[in-house]
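**Student:** quick one, fold the following:
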Amino acid sequence: MSIASAIFRSREPEGGAYHIAFGATALALAATVFYVDTYTDIEGAIAVLYAITVLLAAQAITRVGLITLSCLCGFLSLVSYALTHAGETDLQAMLRLVVALAALVITTMLLVKTETARLALLSINAALRESEGRYRSIFDRTRVALWERDYSKLHAVLMGLKQQGIVDVRAHARAHPDFTERCIDLITVVASNEAGKELLGCDASATGTLKQSITTASDKFLDMLQAIMDNRRVFEDKVLIRTHGGDDKLVLLSISFPEEPLAFHRVIVSMVDITQRELALKALGEAQAELTKASKAAAVGVMSASLAHELNQPLGAIVVNAQTLLRWLDRDPPDLAAARRCAERMVRDSQRASDIIHNTRSLLARRDGSTETFDLDAFIEDTLALLEHELDRSGTKVRIEREHTPPVRAVKIELQQVLINLLTNAIQAMDEAGIENRAIIVRTESQDAGTIRLTIRDTGPGIAEAIRDKLFSPFFTTKATGMGIGLSICRATLEARGGSLTGDNHPQGGAVFSILMPVHPEVERA
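**Tutor:** Presented below is the predicted three-dimensional model:
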């Protein structure tokens, strides 16, 4: 920083000549005071006029310049006193010098204080201009529709009603039909940005635009009036407005009310067009409703297919046992003991069919099946007894390899259907491949403290490499009359209870399916 810039104020285009004139006048006055005080016989406190010099120069110099000029004037006063009173002591002259110096010091202090205040005010004004510039830039360029509105008259009317004891705006509006329109007329638009003009389709400050957009949402307008009367700081709501072109748009309206009543002359109002978003949400809701219906229909279809698949075995067994019963009764004499056994098997298969239907209804109603604790070895024996006819017809032998396992807790009919499906698939696979030595090995073992593994291995052709990845896919089948849902239902049933089902080829030939199930399942079907 140069010495000149430290002493002299920066020249502004509007006041440069004005500052030069004051500075030149101050220098001329200082020279005149020094000359009169030193070289004339005029008695008096001429040096006091140096204060006027400082006052004039204050218009052109900085605080540093003021202090410098004040020191220079004081020095000139001392020089003048020394030249005019050399070698003698004059009390009156001494007092005049002290008064002049005191006046100079006091004037300088006051001017320095004034200059400090002036600089502070300039700094504040500059900050305000910068802040206003930033605000105006944001206001004009943001893509959110913004308005500055004057609510001062409206606020005054509402506060007047409040002082009269009126606190319900809606009730007052019902009693005075023209109240809403009068309130709208009290609001004026100070400014709006480009987004606001685009939203309403015209200049948002045009006459009639505000009334047109508000009248469409008069109920919301009354809610806004109530917010002002209740001294709330923010009002937000979804509002239907009408544009200049007559189109209705749904917007998210937000108004920030100031705390001070005097600040209601500039209230910021913002609107965000949410018409497309609401239409999208509505379409999404309708699509979700349709999807729910479709899911329910698909679930019913899957359950129906599952029911048809699962009932095929017990119903077929009932038919076979009925035919056998008739043959025993046609003998002479009838073999009543054998007929009784057939009837008992028919009752057993009928009960199993009833259990399957009951379990399927529970799934459709989203009720948990009834779990029970049972011995796994006895369970396997009972399941094999249900397939006795199929095993005898196909000439398939079953070998059970047992390992001591704890009792399991599960929905018995579900696990039984899984095991029957896997055994039936093994029998049919060996039948289709024409295997002569047909055998199924059922093995149970404890996987760990809380899990049991049940494997079903056959001596059939195994699983072809091309279909291994699709083995558990719904409606995929290699059978001419198959439905392709058996293995898919088996896996889903086990997984819903915290178990799993996998299938692969055994190293010694044939397919092997492995069931992992928890001893005490924690996962229940939803």
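
**Student:** my guess is F472 is in a strand, correct?
**Tutor:** No: according to DSSP: H, G, I helix; E, B strand; the rest coil, the state of F472 is coil, so it is not within a strand.

**Student:** pretty sure it contacts S488?
**Tutor:** Yes: counting by Cβ atoms under 8 Å, F472 does reach S488; the two are 5.6 Å apart. Every C-beta, even on glycine, is put in place using the N, C-alpha and C of the backbone.

**Student:** and stretch 171-188, how far out from the chain middle?
**Tutor:** 38 Å (Cα atoms, centre = their mean, to the nearest Å).

**Student:** report the buried residues of it.
**Tutor:** 172-173, 179-180, 183-184, 187 (16 or more other Cβ atoms under 10 Å).

**Student:** quick one: which of the residues you listed is nearest D349?
**Tutor:** A173 (76.7 Å; Cβ to Cβ).

**Student:** can you give me the distance of that closest one to C183?
**Tutor:** Applying Cβ to Cβ, to the nearest Å, the value for A173 to C183 is 9 Å.

**Student:** neighbour count: F472 and S488, which is higher?
**Tutor:** More neighbours surround S488 than the other of F472 and S488, with 20 against 17 (other Cβ atoms under 10 Å).

**Student:** for that one, pull up the helix or strand it's in.
**Tutor:** Taking DSSP states H and E as the criterion, the element that holds S488 is helix 486-496.

**Student:** ok, now Y35?
**Tutor:** Per DSSP H and E: Y35 is located in helix 16-39.

**Student:** what packs against that helix?
**Tutor:** helix 50-57, helix 63-84 (3 or more Cβ pairs under 8 Å, 6 or more residues apart in numbering; DSSP states H and E).

**Student:** go through these and pick out the most buried.
**Tutor:** helix 50-57 (a mean of 22; mean count of other Cβ atoms under 10 Å).

**Student:** ok, residues contacting that helix?
**Tutor:** 22-23, 25-27, 29-30, 33, 65-66, 69-70, 73-74, 76-77, 100, 103-104, 107-108, 111 (Cβ atoms under 8 Å, 6 or more residues apart in numbering).

**Student:** the same query, at a cut-off of 6 Å, please.
**Tutor:** For helix 50-57, contacts defined as Cβ atoms under 6 Å, 6 or more residues apart in numbering pick out 22, 25-26, 29-30, 33, 69-70, 73, 103-104, 107-108.

**Student:** just the angle between it and helix 63-84, please?
**Tutor:** Angle of helix 50-57 versus helix 63-84, following axes from the mean of the first three to the mean of the last three Cα atoms, to 10 degrees, is 150 degrees.

**Student:** ok, which stretches of the stretch 401-526 of the chain are helices?
**Tutor:** Assignment of helices within the stretch 401-526 of the chain using DSSP state H, counting those that start in this stretch yields the ranges 412-433, 486-496.

**Student:** quick one: the helices in the stretch 51-200 of the chain?
**Tutor:** 63-84, 91-141, 152-163, 169-175, 179-185, 194-200.

**Student:** so which of those helices is nearest Q351?
**Tutor:** Of the helices of the stretch 51-200 of the chain, nearest to Q351 by Cβ to Cβ is helix 169-175, at 68.2 Å.

**Student:** show me the shaky parts of the stretch 201-350 of the chain.
**Tutor:** Filtered on pLDDT under 70, the stretch 201-350 of the chain yields the residue ranges 202-217, 291-313.

**Student:** re the thing from before, minimum distance to E381: which of the helices and strands packed on helix 16-39 has it?
**Tutor:** helix 63-84 (109.7 Å).

**Student:** quick one: distance of that closest one to the chain centre.
**Tutor:** For helix 63-84, the distance to the chain centre is 73 Å (Cα atoms, centre = their mean).

**Student:** equivalent analysis for stretch 140-155, please.
**Tutor:** Distance of stretch 140-155 from the chain centroid (Cα atoms, centre = their mean) equals 27 Å.
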